[in-house]
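S.K.: following is a predicted model, sequence given first.
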Amino acid sequence: MIAPQTMEALTNFIDNLIPYRFQLTFDLKTKVRGFVGSQLIVGSLLVLIGIFFKYIEYDPVEFYLNTAAGTYVILAFFTIRWFKHFESYVNLVAFGAYMAVFLFIIFSGGIFADETFWLALIIAVNINYGKKSHVIGWSVIVVLFLATLYYLQMYGGLELARDEISFTERITTLFSFFMLLWVVNFNYSRINNKRIENQLKVISEHKRLLKERDDLMSIIAHDMKSPSRRIEGLINIFDKSNLTKEQLEILQMLQNTANESKQLIDDLIEATSFQAQLNIEPIAINHLLDELVNSFIPMAEKKGIDIVLQRKRKQVTAESSTPQVRRILDNLISNAVKFSEPGSKVEISFSDSKEAVEIAVKDFGPGFSKEDLPQMFKMFQKLSAKPTAGESSSGLGLSIVKNLTELLKGKISFVTEKGKGSTFTLTLPHTYK
């Protein structure tokens with residue numbers, strides 16, 4: 001194994017030579033570092049293999065080819081600063097490597113030489129570090145080269161055979177091939193390990209920040225409840241019998257503001273809470289919708305909106321959690337009334353099938369634009385559609401609907417058309433699993 005101090009020194013050396021533009025992201029920096037690390041080690045091994053052939057095997061051809069290839073691979077690293085794109089640099093190194101191996105094969109006996117499998121090594125390097133299109137291109141060139149060489153040797157009268165290759169040369173060739181392959185795979189595995197390690201750190205940090213955000217939001221929301229309660233308490237102190245009409249209107253405005261603040265606080269708490277307690281039980285959808293519609297009639301009558309509920313004689317039941325279903329439908333009906341034009345109507349219908357219960361809430365308001373669609377269920381999103389009578393909107397309602405629906409293993413969908421209104425459909429499975 002390589003000593004940690006050696007690896008650290010090599011890594012620092014490489015980092016100092018890699019251009020800043022190749023270090024902008026963790027993945028790119030790791031990929032570049034892995035490639036050039038393999039490059040320097042492979043180049044050094046090739047030079048050592050060449051020295052072995054000169055002084056142990058006394059083979060000048062192998063000496064010159066290995067030494068030249070190794071020197072090229074090492075020196076090519078110092079040209080990395082000239083390239084704007086890392087893939088272009090990989091192509092330069094690959095080009096030199098392929099040319100060297102082609103020469104190896106020709107000088108070693110053509111298609112029947114032991115060195116042909118070195119091409120697989122270079123293709124493996126290309127797959128690990130190059131672009132897919134470049135890998136395909138080089139693979140085609142390799143296949144054409146080998147096919148042409150095979151045809152010329154078999155049928156074209158081309159003779160490239162050298163003297164019989166010794167057992168030592170075969171062992172050395174195989175050893176060097178597997179050593180180089182190990183270096184490439186070792187560096188590539190280090191890249192993947194570092195990438196996974198970095199991703200885990202990012203995920204862990206993201207979870208920590210989300211928890212801090214949720215905790216902070218809960219604290220803020222909790223602390224904000226006290227002023228709202230005080231305002232309500234002060235309003236109730238007044239003796240309304242002695243107030244003028246104008247003073248009563250101001251008092252009512254204060255009461256409405258306090259109610260809106262409480263609603264916003266409840267929305268904040270619910271939107272940031274993902275651990276809601278579920279109590280799965282049979283829910284009578286008919287009765288639940290009757291209750292909700294009756295609670296919204298005063299709000300709808302102020303705008304001259306008629307809430308039309310499609311009633312059914314047959315009792316429709318869904319297995320779910322009542323508080324969460326009530327909250328979802330409350331938000332959908334509230335939004336429908338807010339966004340409907342005065343004098344229009346809100347239609348509520350529901351249907352039952354073997355798999356699920358579907359509840360649809362349709363309004364005849366301004367609808368949503370195409371730009372709104374990707375943002376529909378995100379928190380604090382102010383969409384193009386506005387409440388038609390100046391009602392307040394926190395931008396949390398649909399986010400709450402989405403979170404609670406997913407918690408119930410249900411589905412929320414919508415159909416909207418600009419200027420013609422929207423229909424939101426809640427699908428609740430009969431069985432919660």
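M.R.: Done, it's in.
S.K.: per-residue pLDDT, the residue sitting furthest away from the middle of the chain?
M.R.: Most distant from the centre of the chain: residue 242, at 62.1 Å, with distances by C-alpha atoms, centre = their mean. Confidence at residue 242, expressed as pLDDT, is 73.
S.K.: what separates it from residue 248, distance-wise?
M.R.: 10 Å (C-beta to C-beta, to the nearest Å). (Each C-beta comes from the backbone N, C-alpha and C, glycine too.)
S.K.: try residue 189
M.R.: 76 Å.
S.K.: again with residue 178
M.R.: From residue 178 to residue 248 the distance is 91 Å (C-beta to C-beta).
S.K.: try residue 333
M.R.: Residue 333 is 29 Å from residue 248, by C-beta to C-beta.
S.K.: neighbour count winner among these two?
M.R.: More neighbours surround residue 333 than the other of residue 333 and residue 248, with 24 against 12 (other C-beta atoms under 10 Å).
S.K.: next, residue 321: phi, psi?
M.R.: Reported as degrees, to the nearest 10, the phi and psi values for residue 321 are phi -110, psi 120.
S.K.: that one bridge partners, please.
M.R.: Taking DSSP bridges as the rule, residue 321 bridges to residue 280.
S.K.: was I right about it contacting residue 288?
M.R.: No - here residue 321 does not reach residue 288: they are 12.0 Å apart, not a contact under C-beta atoms under 8 Å.
S.K.: confirm that residue 189 sits in a helix.
M.R.: Yes - assigned with DSSP: H, G, I helix; E, B strand; the rest coil, residue 189 falls within a helix.
S.K.: how many other residues sit next to it?
M.R.: Residue 189 has 11 neighbours, counted by other C-beta under 10 Å.
S.K.: how near is residue 18 to residue 33?
M.R.: From residue 18 over to residue 33 the distance is 7 Å, taken as C-beta to C-beta.
S.K.: and what of residue 418?
M.R.: Look at residue 418 and residue 33: by C-beta to C-beta, they are 51 Å apart.
S.K.: of the two, give the one with the bigger neighbour count.
M.R.: residue 33 (21 against 14).
S.K.: list the buried residues in the one helix or strand that one maps to.
M.R.: Under the criterion of DSSP states H and E, residue 33 resides in helix 26-55. With burial defined by 16 or more other C-beta atoms under 10 Å, the residues of helix 26-55 counted as buried are 29-43, 45-47, 49-50, 52-54.
S.K.: cool, stretch 83-91 as well?
M.R.: 83, 86, 89-91.
S.K.: could you pull up the mean pLDDT of it?
M.R.: Averaged across stretch 83-91, pLDDT comes to 83.
S.K.: that stretch: how far from the chain's middle?
M.R.: Mean-position distance between stretch 83-91 and its chain equals 27 Å (C-alpha atoms, centre = their mean, to the nearest Å).
S.K.: still on that earlier bit, secondary structure and distance to residue 374 for the buried residues of stretch 83-91 - can I get that in TSV?
M.R.: Converted to TSV, those look like this (DSSP: H, G, I helix; E, B strand; the rest coil; distance: C-beta to C-beta, whole Å):
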residue	secondary structure	distance to residue 374
83	coil	37
86	helix	32
89	helix	38
90	helix	36
91	helix	38
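S.K.: tell me the one among the residues you listed nearest to residue 212.
M.R.: Nearest to residue 212 among those, counting by C-beta to C-beta, is residue 86 at 36.6 Å.
S.K.: for that closest one, give its distance to residue 199.
M.R.: 21 Å.
S.K.: go on, residue 401?
M.R.: In terms of C-beta to C-beta, residue 401 sits 31 Å off from residue 199.
S.K.: break the chain into its domains for me.
M.R.: Structural domains annotated on the chain: 4-200, 207-271, 280-429, as defined by automatic domain parsing.
S.K.: lowest average pLDDT across those domains?
M.R.: Ranked by mean pLDDT, these bottom out at domain 207-271, with a mean of 69.
S.K.: now residue 417: phi and psi?
M.R.: phi -140, psi 130.
S.K.: helices along this structure, start to end?
M.R.: 4-17, 26-55, 60-76, 86-107, 118-129, 132-155, 167-237, 245-271, 285-302, 322-339, 397-407 (DSSP state H).
S.K.: so which of the ones you listed gets nearest residue 377?
M.R.: Nearest to residue 377, of these and by C-beta to C-beta, is helix 397-407 at 3.9 Å.
S.K.: now the closest one: how far from the chain's centre is it?
M.R.: Its chain's C-alpha centre and that of helix 397-407 lie 21 Å apart, by C-alpha atoms, centre = their mean.
S.K.: send the alpha carbons of it over as PDB?
M.R.: Taking C-alpha atoms only, helix 397-407 is exported to PDB below (Å, rounded to 0.1, in the frame of the first residue of the first chain):
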ATOM      1  CA  GLY A 397     -51.600  26.600   1.900                       C
ATOM      2  CA  LEU A 398     -50.700  24.400  -1.100                       C
ATOM      3  CA  SER A 399     -47.400  23.400   0.500                       C
ATOM      4  CA  ILE A 400     -49.300  22.200   3.500                       C
ATOM      5  CA  VAL A 401     -51.700  20.300   1.300                       C
ATOM      6  CA  LYS A 402     -48.900  18.600  -0.500                       C
ATOM      7  CA  ASN A 403     -47.000  17.600   2.700                       C
ATOM      8  CA  LEU A 404     -50.100  16.200   4.400                       C
ATOM      9  CA  THR A 405     -51.300  14.400   1.300                       C
ATOM     10  CA  GLU A 406     -47.900  12.600   1.000                       C
ATOM     11  CA  LEU A 407     -48.100  11.800   4.700                       C
END
